[in-house]
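J.: The following comprises the amino acid sequence and a computationally predicted model.
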Amino acid sequence: GTITLDALMDLAPRDREHTLQCIGASPRVLYIDNAEWTGLPFREVLEGLGIPVPVDALELVFRCADDYHTSIPATDVDGATPETGTTEPLWLVWKMNGEPLLGGHGAPFRFLTPGRYGTKNPKWPLSIDFADEAHTGYWEGRGWSNTATYRTNTFVLGPPTMSVVGEGTVRILGSAFSGPRAIERVEVTVDGGETW
């Protein structure tokens with residue numbers, strides 16, 4: 001079957017808040033952001049268009065307009081892959097923060113794969129295949145993680161790295177992100193890890 005933007009417009013979309021983080025993000029490189037996305041769980045899109053999901057599929061293989069390709073376990077369609085730590089299903093989205101997706105964000109539509117880094121959230125999809133064998137994607141073939149599941153990460157925004165601060169109270173500004181897992185506490189050291 002074929003998925004077109006016109007066909008998606010006939011469906012009843014919903015909004016969801018979702019955070020995307022690049023697999024290359026680190027405490028010093030803040031490749032992470034949050035938005036409200038409009039779309040539907042991918043299974044609902046397929047059902048709405050009369051496209052069956054093969055029960056024996058091992059992976060979904062995405063091939064995209066920029067020659068990018070990757071895959072995710074077929075169980076991610078329903079959010080049933082224990083390694084991600086989430087039960088949220090794969091989403092197909094076509095709006096971000098109430099506006100149609102822009103080119104840089106994957107227009108006309110893209111995928112959101114909960115619990116996985118951006119490498120597994122393909123933009124500009126041309127084809128999606130239900131495969132019965134493992135696929136090695138573009139970045140995976142270059143040594144990046146094939147599962148790309150979120151790891152806990154912290155981002156310290158202030159004071160700036162290597163700042164010298166005076167005595168007294170110092171306010172530390174930052175955030176912590178771990179995908180679907182809850183952040184239970186954040187600890188800070190100012191003495192190289194002797195105390196937290």
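T.: Here it is on my side, so go on.

J.: Stretch 41-55: which residues count as buried?
T.: For stretch 41-55, the neighbour count (16 or more other Cβ atoms under 10 Å) marks 41, 42, 43, 44, 45, 46 as buried. Heads up, the C-betas are built off the backbone N, CA and C, glycines and all.

J.: Of those residues, which is the nearest to residue 117?
T.: residue 42 (18.2 Å; Cβ to Cβ).

J.: dump the residue contacts of the nearest residue to the closest one once chain neighbours are set aside.
T.: Leaving aside its sequence neighbours, residue 42 sits nearest to residue 90 (Cβ to Cβ, 6 or more residues apart in numbering; 4.4 Å). Contact analysis of residue 90 by Cβ atoms under 8 Å, 6 or more residues apart in numbering lists 41-43, 60, 72, 76-79, 111-114.

J.: Most neighbours among the residues you listed, which one?
T.: Neighbour tally across those (other Cβ atoms under 10 Å): the maximum, 30 neighbours, falls on residue 113.

J.: Please name the residues that touch that residue.
T.: 72, 76, 90, 120, 121.

J.: Check the offset of the strand of greatest length in the chain from the chain's centre.
T.: Across the chain, the strand with the greatest residue count (assigned by DSSP state E) is strand 32-41. On the basis of Cα atoms, centre = their mean, to the nearest Å, strand 32-41 is displaced by 9 Å from the centre of the chain it belongs to.

J.: what's the helix or strand that that strand is followed by in contact with?
T.: Moving toward the C-terminus from strand 32-41, the next helix or strand (DSSP states H and E) is helix 42-48. With Cβ under 8 Å, 6+ apart as the test, helix 42-48 has contacts from 1, 3, 8, 10-11, 39-40, 52-53, 77-78, 89-92, 111.

J.: Appreciated, that's everything.
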